[in-house]
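> this is the structure alone, sequence omitted:
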């Protein structure tokens, strides 16, 4: 027997029995192992979130330099709302097929609430908040161009 074939832990009938239990039923295991398509979805979700945050930082600084801090902060409110919206949408999409039959519309209420709040308060401006909210769409466009530029295999 090779040293690479030696078991790392001594096996007992109890540990062999536990290895036969499905992952979701094992003690201490919270979730089953995600399948490859879900792992790809999680990678996409992480990528979109990172690109959205990077774009938010770049645009926030640009607006602050070229306009004013007040408008930049309004943009940042919208961009943060967009990030929360993206996370809520991702959670809804993740539950499709398992727990839900269609994507819910509750995450849209978040955007509506922020726009209503902006229309009621004098310090907030609707256009920078709206454009900030759309930052996650810019991340989708970046992903699309990245996908189109990579050779198909």
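That came through, no problem. Predicted model only: the values in this text are computed from it and were never measured.
> give the buried residues for the helix or strand in which residue 148 is found.
Here residue 148 sits within helix 135-149, counting by DSSP states H and E. Residues of helix 135-149 classed as buried by neighbour count (16 or more other Cβ atoms under 10 Å): 135, 136, 138, 139, 142. No exception for glycine: its C-beta is placed from N, CA and C like everyone else's.
> repeat for stretch 121-133
124, 125, 128, 129, 130, 131, 132, 133.
> which residues touch the last one?
Residues in contact with residue 133, defined by Cβ atoms under 8 Å, 6 or more residues apart in numbering, are 78, 79, 81, 82, 85, 111, 114.
> now do 10 Å
75, 77-85, 110-111, 114-115 (Cβ atoms under 10 Å, 6 or more residues apart in numbering).
> again, but for the fifth one
When the contact criterion is Cβ under 10 Å, 6+ apart, the partners of residue 130 are 74, 75, 78, 81, 82, 111, 114, 115, 118.
> so residue 53 sits against residue 79, correct?
Yes: counting by Cβ atoms under 10 Å, residue 53 does reach residue 79; the two are 8.7 Å apart.
> quick one on the thing from earlier: pLDDT added to the contacts of residue 133, as JSON lines?
Listed next are the contacts of residue 133 as JSON lines, based on pLDDT from 0 to 100:
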{"residue": "75", "pLDDT": "96"}
{"residue": "77", "pLDDT": "94"}
{"residue": "78", "pLDDT": "94"}
{"residue": "79", "pLDDT": "95"}
{"residue": "80", "pLDDT": "94"}
{"residue": "81", "pLDDT": "93"}
{"residue": "82", "pLDDT": "92"}
{"residue": "83", "pLDDT": "93"}
{"residue": "84", "pLDDT": "92"}
{"residue": "85", "pLDDT": "90"}
{"residue": "110", "pLDDT": "85"}
{"residue": "111", "pLDDT": "85"}
{"residue": "114", "pLDDT": "89"}
{"residue": "115", "pLDDT": "88"}
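> distance of residue 112 from residue 118?
11 Å (Cβ to Cβ, to the nearest Å).
> residue 130 now?
8 Å.
> wait, residue 48 sits on residue 93?
No: Residue 48 is beyond contact range of residue 93, at 11.5 Å (criterion: Cβ under 10 Å).
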